[in-house]
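**Student:** attaching a predicted model along with its sequence, questions to come.
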Amino acid sequence: MSVTIKSGKEIEAMRIAGRITGETLKVIEAAVRPGITTKELDKLAEEYILSCGAKPSFKGYFGYPASICASVNDRVVHGIPSGQVLKEGDIISVDVGAFIGGFHGDAARTFGVGAISNENQRLIDVTRQSFFCGIKFAKDGNYLSDISAAIQDCAESAGFGVVRDYVGHGIGRSMHEDPQIPNYRNNKRGIKLRAGMTLAIEPMVNTGTHKVKVLGDGWTAVTKDGGFSAHYENTVLITPDGGEPDILTLV
């Protein structure tokens, strides 16, 4: 495993990529409403990223055809934007990345479409909360497994299932770098965290079982039991001397 430690100059470049990524999600959030298509959301995201002088990290990545992942309801991750029209009561997870100055930012949010059920709002809230429970341990000197355990405990104590098949990851010059960051305990302590590491931490949480399956398009992962799923992700910098982590994609 080769985990990169970013220099001060590299961190500043990542801040720019992270800011654009976070701003893109704000653009999407403002546009989510009943009647809009996921393809239209994808167009808005791509236009904003390009207007900032950046490029969409996802488009063309291993052949992926769009600038965002748009995962509606029981879609967990990697949903391909299409003519699907969002309806009142849906929830949509949007994952996006921006590449500029040689570095990537990566973040995801789940949004309610119009009025949503209390249970689905709780799912969204707990998924976000599990991220913040995890990054309490994203400090120089702690271990990767500390983050994973805290995420799992938060989500499962609320009665939800934590996805195992997809995990967080290191990020920098490449979209996916070492280390992998599970959102659950796997009996491995993982690496010791060091200042200058940049991590994309991303809980994916389901209303039912943690189990997922991939559809015939080879990309879209859905819950096996048809339950709804939420996703919350940020690019996080480990700071020196046990300091609080710096969230580069939170704007």
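**Tutor:** Right, received. Where do you want to start?
**Student:** now residue 85, what are its backbone angles?
**Tutor:** phi -90, psi 130 (degrees, to the nearest 10).
**Student:** mind checking pLDDT for it?
**Tutor:** pLDDT recorded at residue 85 is 98.
**Student:** pretty sure it is touching residue 36, no?
**Tutor:** Yes - here residue 85 reaches residue 36: they are 7.3 Å apart, a contact under CB atoms under 8 Å. All C-beta spots, glycine's among them, are computed from the backbone N, C-alpha and C.
**Student:** more neighbours: which of those two?
**Tutor:** Per other CB atoms under 10 Å, whichever of residue 85 and residue 36 has more neighbours is residue 36, with 17 against 14.
**Student:** got the contact list for the closest residue in space to the more buried one that isn't next to it in sequence?
**Tutor:** Distances taken as CB to CB, 6 or more residues apart in numbering put residue 86 closest to residue 36, at 5.5 Å, once the chain neighbours are dropped. By CB atoms under 8 Å, 6 or more residues apart in numbering, residue 86 lies in contact with 32, 33, 34, 35, 36, 37, 38, 72, 92, 113.
**Student:** from residue 211, how far out is the fourth one?
**Tutor:** Distance, residue 35 to residue 211, by CB to CB, to the nearest Å: 32 Å.
**Student:** looking at these two, which is more packed in?
**Tutor:** A direct count of neighbours by other CB under 10 Å for residue 35 and residue 211 places residue 211 higher, at 14 against 11.
**Student:** what's the pLDDT at that one?
**Tutor:** Predicted confidence (pLDDT) for residue 211: 97.
**Student:** any stretches of the stretch 51-200 of the chain with poor pLDDT?
**Tutor:** For the stretch 51-200 of the chain, applying pLDDT under 70 flags no range at all.
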